[in-house]
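Asker: Here's a sequence, model it:
(one chain, ligands or ions: 1)
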Amino acid sequence: MATTVMGSGFALGEHEVTNEALKRVCDTSDEWIKERTGIATRYYVADGTSTSDLGVRASQAAIADAGLTASDIDYVVFATMTPDYYFPGSGALLQTKLGLGKVPTLDIRQQCTGFIYGLQVADALLRAKAAKRVLLVGAEVHSGFMPWRDHGMVFGTTDARPTAAEYEFNTRYRDRTVLFGDAAGAVVLTSSEGPRGLLDVVLHSDGQYAEKLYVPSGFKFRPYITEEMIKEGRHIPEMDGQRVFRVAVSKLPEVVHEVLDKSGLKLEDISLLLAHQANLRLNEAVQKALGLPDDKVYNNIQKYGNTTAATIPILYDECKKAGRIKPGDLICFLALGAGFHWGAALLRA
Ligand code: ACO
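Answerer: From the prediction side, this is the model:
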């Protein structure tokens, strides 16, 4: 028996946000963003849409794609770093909104690597017969941590503009804010007989890098967020972008080789590499280090930016629906992000 994907789907925030639109709130440029990251557009949710709402839309698409209904799902694994609330997690909210019944929901928080961790968890649940059909969701609403006070300025729905002080404050975070978008991706997983399915997963974590990419506010403070902390921007992620970049370029090719060795497969066996979308230059460096040709790699960061736990299920769904994934293909999922957590998984389509 192996864990197979029955269906997939994704959903985007309601507003498309171009690089030009971000110039209204901070000092940046289309040229800088495209050259350093590859990103042309990303999507932000409309006011009131939460991570679980996006998760619901992606899940409905995935459940329909699987030819199932909500009542067929008996477990939810929800990966996000931007939950609706500090607690409870978004899994239970999604369960109720989807009308899933009282099935268990598990929230995991491995950021950009959340989907790959989720695959291993779902695989273990299916093998242990704790579930028959697991809904694995990766969803994020990053626009909640953007420093500007009114998204209408970015959407072009208001004539308001930031004050000089606000513009300067927003610009302090421009290396991060331009990267992220809001989206969700979901897959329905089950156990099947035959040669298809999840072959292997290799995961790693290294907490020594925790403060190279993190949100400094939290429950080690009393209270966990104060007006002072908001003024100092401690509710906005801190990131040592160059350090993340350097570690990723070294760890990502390594873990691809590890998962291939574990499965007794070779680099040439990979049909398609679906890597987390944090930076196009980073993915090109990883592709080069692995020596993979362009037709074995797919990136979509240009359209959606970095959507953290949602990137990999979105890549999968786009490729599946575009006919880029054929029966028998070997798909390699790959990611590294805050934690640091990183890992790779192999799926026989
Ligand atoms: N627009 C214009 N200029 C900018 C912007 C911007 N948006 N951001 C930074 N700059 C400027 C800086 O101020 C700096 O100017 P200076 O030379 O005058 O001081 C210059 O550009 C270079 O800045 P760097 O931060 O050194 O730029 P870098 O080339 O490192 O790119 C980036 C930054 C894109 C963040 C890159 O480091 C990166 O992508 N790192 C990896 C991020 C990542 O993988 N994160 C993990 C996933 S996210 C997760 O887990 C949640």
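
Asker: any residues touching stretch 32-50, and which ones?
Answerer: For stretch 32-50, the external contacting residues (C-beta atoms under 8 Å, 6 or more residues apart in numbering) are 12-19, 22, 30, 53-54, 84, 90, 93, 141, 143, 151, 154-155, 178-183, 279-281, 299, 301-307. Yep, even glycine has a C-beta here, placed from its N, CA and C like the rest.

Asker: So which of those residues are in strands?
Answerer: Judged by DSSP state E, strands contain the following of the contacts of stretch 32-50: 12, 15, 16, 17, 18, 183.

Asker: Please indicate which of those residues are buried?
Answerer: 12, 15, 17, 183 (16 or more other C-beta atoms under 10 Å).

Asker: Which ones among the contacts of stretch 32-50 also lie next to the ligand?
Answerer: 178, 279, 306 (C-beta under 6 Å from any ligand atom).

Asker: Whichever of those residues end up buried, select them in PyMOL.
Answerer: Under the burial definition 16+ other C-beta under 10 Å, those of these that qualify are selected in PyMOL by:
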select buried, resi 178+279+306
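
Asker: So for the residue in the stretch 151-300 of the chain positioned nearest to the ligand, what's the pLDDT?
Answerer: Evaluated by C-beta to the nearest ligand atom, the stretch 151-300 of the chain has residue 241 as its residue closest to the ligand, separated by 2.7 Å. Note for residue 241: predicted pLDDT of 96.

Asker: got the phi/psi numbers for it?
Answerer: The phi and psi values for residue 241, taken as degrees, to the nearest 10, are phi -60, psi -40.

Asker: Who are the contact partners of it?
Answerer: Residue 241 sits next to 175, 176 when contact means C-beta under 8 Å, 6+ apart.

Asker: Quickly note the distance from it to residue 292.
Answerer: Residue 241 sits 24 Å away from residue 292, going by C-beta to C-beta, to the nearest Å.

Asker: Same check on residue 9?
Answerer: For residue 9, the distance to residue 292 equals 27 Å [C-beta to C-beta].

Asker: just residue 343 next, same as before
Answerer: Residue 343 is 18 Å from residue 292, by C-beta to C-beta.

Asker: Tell me which of those two has more neighbours.
Answerer: Applying other C-beta atoms under 10 Å to residue 343 and residue 292 shows that residue 343 carries more neighbours, namely 26 against 19.

Asker: Which stretches in the stretch 201-349 of the chain count as helices?
Answerer: Shown for the stretch 201-349 of the chain, the helices assigned by DSSP state H, counting those that start in this stretch span residues 227-231, 241-263, 280-290, 301-304, 311-321.

Asker: Sort out which residues of the fourth one are buried, please.
Answerer: Residues of helix 301-304 classed as buried under the neighbour-count rule (16+ other C-beta under 10 Å) are 301, 303, 304.

Asker: again with the longest one
Answerer: In terms of neighbour count (16+ other C-beta under 10 Å), helix 241-263 has its buried residues at 241, 244, 247, 248, 249, 251, 252, 253, 255, 256, 259, 260.

Asker: Distance to residue 269 added to the residues you listed, as JSON lines?
Answerer: Listed next are the buried residues of helix 241-263 as JSON lines, based on distance: C-beta to C-beta, whole Å:
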{"residue": "241", "distance to residue 269": "33"}
{"residue": "244", "distance to residue 269": "29"}
{"residue": "247", "distance to residue 269": "26"}
{"residue": "248", "distance to residue 269": "23"}
{"residue": "249", "distance to residue 269": "23"}
{"residue": "251", "distance to residue 269": "21"}
{"residue": "252", "distance to residue 269": "18"}
{"residue": "253", "distance to residue 269": "16"}
{"residue": "255", "distance to residue 269": "16"}
{"residue": "256", "distance to residue 269": "11"}
{"residue": "259", "distance to residue 269": "11"}
{"residue": "260", "distance to residue 269": "7"}
